[in-house]
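Trainee: Whatever this is, show me its structure:
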Amino acid sequence: MDGESISVETLETCVKDVVSKVLETEDGKPVPYDAERTKKWCAEIISRTLQKICGDDEDRQSHHKYIVNVVISNTGSGLHINTGARWNPHRDIYVMIPYSTPTMNVVTTVYAVIVPGMPPDVPEVLKDL
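Mentor: All right, here's what the predicted structure looks like:
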């Protein structure tokens, strides 16, 4: 990524790309739910998402703190996800991307938070607010 501020659209595109690469076969078909593989899938989605967002740019990592959360559940089982936060809506952003197949539901959430006292990079999408 560019080392500057990050937009909601960029995060959404990144997450969708990573999730599809992890949970779909090469011909684009979803892999079936497998409880024994969910831990590996979650770790891989988190790792790839952070790598895609941050790359090797240490400066970018120092301006933002990124949090990636992945929930994978078997289709038919109940799932409720809720998050609360107190932050600066003009600088901090998040995306929540659902992904569903006939056998599983996946929700990936990414938070991009600027820590007080760090350079005031404002996400492009929020500059006009």
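
Trainee: hey, let's count contacts and neighbours off CA atoms from now on
Mentor: OK.

Trainee: now the spatially most central residue of the chain, what's its secondary structure?
Mentor: Centrality entry for the chain: nearest residue to the mean C-alpha point is Val110, 3.4 Å, by CA atoms, centre = their mean. Under DSSP: H, G, I helix; E, B strand; the rest coil, Val110 falls in the strand class.

Trainee: Okay, it and Ala85: tell me how far apart.
Mentor: Separation of Val110 from Ala85 (CA to CA, to the nearest Å): 13 Å.

Trainee: just to revisit the earlier point, assess the claim that the residue nearest to the centre of the chain and Val71 are in contact.
Mentor: No - the pair Val110 / Val71 is not scored as a contact, 11.9 Å apart, by CA atoms under 8 Å.

Trainee: For the closest residue to the residue nearest to the centre of the chain other than its chain neighbours, list the residues it contacts.
Mentor: Nearest residue to Val110, sequence neighbours excluded (CA to CA, 6 or more residues apart in numbering): Val68, at 4.5 Å. Val68 makes contact with Ile46, Thr49, Leu50, Thr108, Thr109, Val110, Tyr111, according to CA atoms under 8 Å, 6 or more residues apart in numbering.

Trainee: Of those - the most surrounded one?
Mentor: Thr49 (24 neighbours; other CA atoms under 10 Å).

Trainee: Return the residues in contact with it.
Mentor: Cys14, Val15, Val18, Val68.

Trainee: just checking, which of those belong to strands?
Mentor: Val68 (DSSP state E).

Trainee: Alpha carbons of the helix or strand in which Ala43 is found, as CSV, please.
Mentor: If you go by DSSP states H and E, Ala43 is part of helix 38-54. As requested, the backbone C-alpha atoms of helix 38-54 are provided in CSV (Å, rounded to 0.1, in the frame of the first residue of the first chain):
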residue,chain,number,x,y,z
THR,A,38,-10.9,-22.9,10.8
LYS,A,39,-8.0,-21.9,13.2
LYS,A,40,-5.6,-22.1,10.2
TRP,A,41,-8.0,-20.2,8.0
CYS,A,42,-8.4,-17.4,10.6
ALA,A,43,-4.7,-17.1,11.1
GLU,A,44,-4.0,-17.0,7.4
ILE,A,45,-6.7,-14.4,6.7
ILE,A,46,-5.3,-12.2,9.5
SER,A,47,-1.7,-12.6,8.5
ARG,A,48,-2.4,-12.0,4.8
THR,A,49,-4.6,-9.0,5.5
LEU,A,50,-2.0,-7.3,7.7
GLN,A,51,0.7,-8.1,5.2
LYS,A,52,-1.3,-6.6,2.3
ILE,A,53,-2.2,-3.5,4.3
CYS,A,54,1.2,-2.8,6.0
